[in-house]
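Engineer: below are the sequence and a predicted model; questions follow.
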Amino acid sequence: MGVGRFDSLLLLSFGGPESSDDVMPFLRNVTAGRGVPDERLAVVAEQYELFGGKSPINDLNQELLRALNEELASRGHEIATFWGNRNWHPFVADTINNLKSLGHTSTVCLVTSAFSSYSGCRQYHEDLDRARSEVPGAPTVERVRVYWDHPDFLGAAAELLAERRDAAGLSSETPVLHSAHSLPLSMAANCDYQQQLNEAASIVNELAGMRGPCEVVFQSRSGPPSVPWLTPDIDQRIHELADQGTDELLVHPLGFVADHMEVLFDLDTQSAAAAKEAGVKMVRTPTVGTHPRFVSMLVDLVEEAAGLRADRPSLSESGPRPDNCKSQCCPAPSRPGR
């Protein structure tokens, strides 16, 4: 039973509300310690209400977990799989407690975040450490390496981009905006997030056979306007490109692995409206989701972490990331009053 030394697998994600009653408590969890007033959270809550107060992320994670179970079984691995969230039920501390109560001692962890930053990498480590500290005798938990540069993550993204391009009747010369979650500059300055995104975007374009302009844009910024975040903003960039004569665009949510709220609202609602206003045909490509190459890659990474796979494929110039991040990797951003 298990995969190498691991007797259990944890899929760790961000979490999201299941109903309208969950939205404000969820948002308070996400922004805990930042002093964000409920009036500002209420504005974000309105976005969830457009979808009935329910985020798609939990259902998407359960679909991914089912796909992982099928891939693990196809390789002859019998391992117990679990799901936990940072900001909503099932909370990771509850999942860790469940793992312990069932007698598991060694857990491998997959995270639904591909790139390196405080919020996308280090904070997951901190939440895991905090959860384990709350459960005496908790199992060990080892994360697989950051996988933004894995050939099957980038390859799956490229396949989906090319398929959507062809289905929409667009050419390989169509400009591509690769979108990712913006970060405060104070956070971005202490990690390789931008560098990774730029390199990944170039690789995906090449693999998809795109020969037109390609650039990384950002979305989903929050907080007061006085705090600088990564730019260019995708909606502003759409208008700028329209002014320069662009009338067709591919938008690829490179920074996300599933079609959750940041994709369905920020891109499919807000950016689509910006494109319509600017007179641009915008075609949004899917995230990797449960693409067979992506699911297979995640199981490869589990086998890699278990010492069952010697190769560590990477398409980046710097090569694969280490299994364990450096102690000072991706530190928390500085915030007023801290």
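Structural biologist: On my side now, so go ahead. Numbering: from 1, shown residues only.
Engineer: in a helix, Phe82, correct?
Structural biologist: No: Phe82 is assigned strand when assessed by DSSP: H, G, I helix; E, B strand; the rest coil, not a helix.
Engineer: please name the bridge partners of it.
Structural biologist: Leu10 (DSSP bridges).
Engineer: that one: what's it in contact with?
Structural biologist: By Cβ atoms under 8 Å, 6 or more residues apart in numbering, the contact set of Phe82 is 8-11, 95, 98-99, 107. All C-beta spots, glycine's among them, are computed from the backbone N, C-alpha and C.
Engineer: redo that, cut-off 7 Å
Structural biologist: By Cβ atoms under 7 Å, 6 or more residues apart in numbering, the contact set of Phe82 is 8-10, 95, 98-99.
Engineer: please apply the same query to Pro17.
Structural biologist: Per Cβ under 7 Å, 6+ apart, neighbours of Pro17: 23, 26, 48, 53-55, 88.
Engineer: export the residues you listed to a markdown table and tack on neighbour count, secondary structure and pLDDT?
Structural biologist: Formatted as a markdown table, those follow (neighbours: other Cβ atoms under 10 Å; DSSP: H, G, I helix; E, B strand; the rest coil; pLDDT from 0 to 100):
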| residue | neighbour count | secondary structure | pLDDT |
| --- | --- | --- | --- |
| Val23 | 23 | helix | 97 |
| Phe26 | 24 | helix | 97 |
| Tyr48 | 22 | helix | 95 |
| Gly53 | 17 | coil | 96 |
| Lys54 | 18 | coil | 96 |
| Ser55 | 25 | coil | 96 |
| Trp88 | 20 | coil | 96 |
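Engineer: tell me which of those is nearest to Arg145?
Structural biologist: Trp88 (26.1 Å; Cβ to Cβ).
Engineer: for the nearest residue to the closest one once chain neighbours are set aside, give its distance to His89.
Structural biologist: Nearest non-adjacent residue to Trp88, counting by Cβ to Cβ, 6 or more residues apart in numbering: Gly15, 3.4 Å away. Per Cβ to Cβ, to the nearest Å, Gly15 is found 7 Å from His89.
Engineer: try Pro184
Structural biologist: Distance from Pro184 to His89, by Cβ to Cβ: 28 Å.
Engineer: Gly15 and His89 - which one has more neighbours?
Structural biologist: Neighbour totals were compared for Gly15 and His89, and Gly15 leads with 24 against 15 (other Cβ atoms under 10 Å).
Engineer: what segments of the stretch 151-300 of the chain are helices?
Structural biologist: 151-167, 185-188, 193-207, 234-243, 261-264, 272-278, 292-305 (DSSP state H, counting those that start in this stretch).
Engineer: residues contacting the nearest residue to Leu250 once chain neighbours are set aside?
Structural biologist: Sequence neighbours aside, Val176 is the residue nearest to Leu250 in space, at 4.6 Å (criterion: Cβ to Cβ, 6+ apart). The contact partners of Val176, taken as Cβ under 7 Å, 6+ apart, are 205, 210, 212, 214, 250, 252.
Engineer: which of those lies closest to Arg165?
Structural biologist: Leu250 (6.0 Å).
Engineer: any idea how far that closest one lies from Ala157?
Structural biologist: On the measure of Cβ to Cβ, Leu250 and Ala157 end up 12 Å apart.
Engineer: between the two, which one's more packed in?
Structural biologist: Per other Cβ under 10 Å, whichever of Leu250 and Ala157 has more neighbours is Ala157, with 29 against 25.
Engineer: report pLDDT for the more buried one.
Structural biologist: Ala157 carries a pLDDT value of 98.
Engineer: per-residue confidence for the residue nearest to it when sequence neighbours are not counted?
Structural biologist: Nearest residue to Ala157, sequence neighbours excluded (Cβ to Cβ, 6+ apart): Val204, at 5.1 Å. With respect to pLDDT, Val204 scores 98.
Engineer: over to the residue nearest to Trp88. Which of the three states is it?
Structural biologist: Here Gly15 is recorded as coil under three-state DSSP.
Engineer: how about the strands of this protein, start to end?
Structural biologist: 8-13, 80-85, 106-111, 140-143, 176-181, 214-219, 248-252, 281-284 (DSSP state E).
Engineer: for Pro37, which of those is the nearest?
Structural biologist: Across the strands of the chain, Pro37 has its closest neighbour in strand 176-181 (22.2 Å, Cβ to Cβ).
Engineer: got the angle for the closest one vs helix 234-243?
Structural biologist: Angle of strand 176-181 versus helix 234-243, following axes from the mean of the first three to the mean of the last three Cα atoms, to 10 degrees, is 160 degrees.
Engineer: within its sheet, name the partner strands of strand 176-181 and how each one runs.
Structural biologist: Here, using DSSP bridges, strand 176-181 pairs with strand 214-219 (parallel), strand 248-252 (parallel).
Engineer: make JSON lines out of these and add mean pLDDT and distance to Glu277.
Structural biologist: Converted to JSON lines, those look like this (pLDDT from 0 to 100; distance: least, Cβ to Cβ, whole Å):
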{"stretch": "strand 214-219", "mean pLDDT": "98", "distance to Glu277": "16"}
{"stretch": "strand 248-252", "mean pLDDT": "98", "distance to Glu277": "13"}
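Engineer: contact partners for Cys191?
Structural biologist: Here Cys191 is in contact with 116-118, 330 (Cβ under 7 Å, 6+ apart).
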